[in-house]
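Student: Quick one: sequence and predicted model below, then my questions.
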Amino acid sequence: MESCLLSLNKVYSDKAILRELNELSVQCPNDSCPWIGDYKQYDQAHFETCSEYQQTGEFCEKNARVRRKMKDQRNAERDVCGKKVVACKFKDVGCNVQVEQGHGSEYSRRFIGPGEHLFMLLQTVIRVSSIVQNMKGYDKLDEAKRQSELQGKSLQSLTSEVRKIETQLQQIINDASVSDKSHLSTTAAERLDGLYSRTSDMRNRLTIMQTKVSTFEDIAAVISNQIEGDTGKYETLQRHRKVDREIIESLERKVKAQDRIVALKDVALAEQDLRIQSLEMASYNGELICKISDFKRKRQDAISGKNLSIYSPFFHTSRHGYKMCARIYLNGDGMGKGNHVSVFFTIMKGAFDALLQWPFRQKVTLMWIDQNDKEHVIDAFRPDPTSSSFRRPTQDMNIASGCPLFMPLSQLGSLRNAYVKDDVAFLKVIVDKCDLI
């Protein structure tokens, strides 16, 4: 940086710069003076006649006074002293020196020189330019609103910086006399031209960015309106969907209720059908013939464990006698499992059990009918009076008792006998009614 500074005896006047300065439009730097015109007019004419120009009073060499106040020396005591210490005009660009009021230009020439201040200004402009460069690329629509706000703040800051720089540059010109400009080196003049050029470029960029910000704001407004409209539609659809869902749930509850009613009716009908069927097939003479239809499927269900046994319809020894049924295991049970057909006899809870003799003592005969009427499979047993299977039932039916090894499974497929014919088999149960009242 020291190589950029020149001593006063090595500088010379640049008439080209002077001509350009004389053509610039300037404003009087004196406070409260509204004069605006060419710099040449200010330096030769207005400077001499400006009523706001500060000068030393006759009665106090330390007090600086404006021309219009010099006419009334009676108020001189109220004027501000010219020796007042104030901050350097280049404070905003990094100069921290305190100078006497009205002697800023002299301080610049004698102690720091215009080159140092210009270098500070150049650094500030470069920093501001970097800010402008960093503000590029925010063109995503989904961030339009956020970027618009950020760029707006950056633009305000940038605009403020540019205005300060312009004011300070203008102040340099206003504070320097023609003789002062002669001390500017070629390098300093080039820097000054560069600063003006960059300031103009920055203004153009600011204009472009302001246009972009405005575009972003318009896009954000359109998107916001669209979102509000879509949100309204979505909320309406949600309300309709909620109403529809409530209607559907109500209908589903009604359907479920109807299903329950139908299921209950189906159960009632099934029970009624079973009762009617049982009544139709009911026997009151102590004998039962049980028809086992769809034999192959039922046999397979027994083998797979899906349905191990089947019950026969119930029958009675008389209208007011014992109630009984048979339980058949087509794949065997207990010792006969997997090798025999097992047939058991079961005492059921009847309406007239209180009038009957207990335990049950009647002989029971089990017969698998050969449909060729050649060789029936017959087994019989007498109840064990000590067994709980033949006591008066306390539940719907007692534990079954009978013949686990009633008939070998291999005998079912006999070619000589027709124990199963046309996928149908028959089992007959005979209860001896002797000694029964």
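Tutor: Looks like it arrived, so ask away.
Student: switch to C-alpha atoms for all contacts and neighbour counts from now on
Tutor: Will do.
Student: Which helix in the chain has the most residues?
Tutor: In the chain, ranked by residue count with DSSP state H as the criterion, the top helix is helix 186-281.
Student: Adjacent strands (with direction) for the next helix or strand after that helix?
Tutor: The C-terminal neighbour of helix 186-281 among helices and strands, as given by DSSP states H and E, is strand 287-293. Paired with strand 287-293 in the same sheet, following DSSP bridges, are strand 424-431 (antiparallel).
Student: buried ones in the partner strand?
Tutor: 425-431 (16 or more other C-alpha atoms under 10 Å).
Student: just stretch 305-322 next, same as before
Tutor: 308-309, 312-317, 321-322.
Student: helix, strand or coil for residue 126?
Tutor: helix (DSSP: H, G, I helix; E, B strand; the rest coil).
Student: what about residue 298, how many residues close to it?
Tutor: 20 (other C-alpha atoms under 10 Å).
Student: who's in contact with it?
Tutor: Residues in contact with residue 298 (C-alpha atoms under 8 Å, 6 or more residues apart in numbering) are 307, 330.
Student: tell me which element it is part of?
Tutor: helix 295-304.
Student: now the angle from that helix to strand 424-431?
Tutor: In terms of direction (axes from the mean of the first three to the mean of the last three C-alpha atoms, to 10 degrees), helix 295-304 departs from strand 424-431 by 80 degrees.
Student: buried residues in helix 295-304?
Tutor: Residues of helix 295-304 classed as buried: 295, 298-299, 301-303 (neighbour count, 16+ other C-alpha under 10 Å).
Student: Quick check: of the residues you listed, which lies closest to residue 421?
Tutor: For the buried residues of helix 295-304, the residue nearest residue 421 by C-alpha to C-alpha is residue 295; the value is 9.2 Å.
Student: how about low-confidence regions in the stretch 1-150 of the chain?
Tutor: 1-13, 42-43, 45-48, 52-84, 93, 100-119, 121-122, 125, 128-145, 147-148 (pLDDT under 70).
Student: rewinding a little: so which of the buried residues of strand 424-431 is the closest to residue 97?
Tutor: Comparing the buried residues of strand 424-431 against residue 97 with C-alpha to C-alpha places residue 425 closest, at 124.1 Å.
Student: shouldn't the closest one be in contact with residue 293?
Tutor: Yes. In this structure, residue 425 is within contact of residue 293 by C-alpha atoms under 8 Å, at 6.6 Å.
Student: Give me the three-state assignment for residue 375.
Tutor: At residue 375 the chain is in coil, as set by three-state DSSP.
Student: I should have written residue 318 there, sorry.
Tutor: Per three-state DSSP, residue 318 ends up coil.
Student: and it, what is it in contact with?
Tutor: Applying C-alpha under 8 Å, 6+ apart, the residues contacting residue 318 are 284-286.
Student: Neighbours of residue 398, how many?
Tutor: With other C-alpha under 10 Å as criterion, residue 398 counts 19.
Student: ok, now the one 4 residues further on?
Tutor: Each residue near residue 402 was counted by other C-alpha under 10 Å, and the total is 22.
Student: ok, back up a step: tell me the mean pLDDT for the longest helix of the chain?
Tutor: Averaging pLDDT along helix 186-281 yields 80.
Student: Could you figure out how far that helix is turned away from strand 287-293?
Tutor: 140 degrees.
Student: about what we covered before: among the buried residues of stretch 305-322, list the two that are farthest apart in space.
Tutor: 308 and 321 (29.5 Å).
Student: and residue 386, which of the three is it?
Tutor: coil.
Student: Identify the residues contacting the closest residue to it other than its chain neighbours.
Tutor: Spatial nearest neighbour of residue 386, excluding adjacent residues (C-alpha to C-alpha, 6 or more residues apart in numbering): residue 359 at 8.0 Å. Residues in contact with residue 359 (C-alpha under 8 Å, 6+ apart) are 385-386, 390-392.
Student: All set, thanks.
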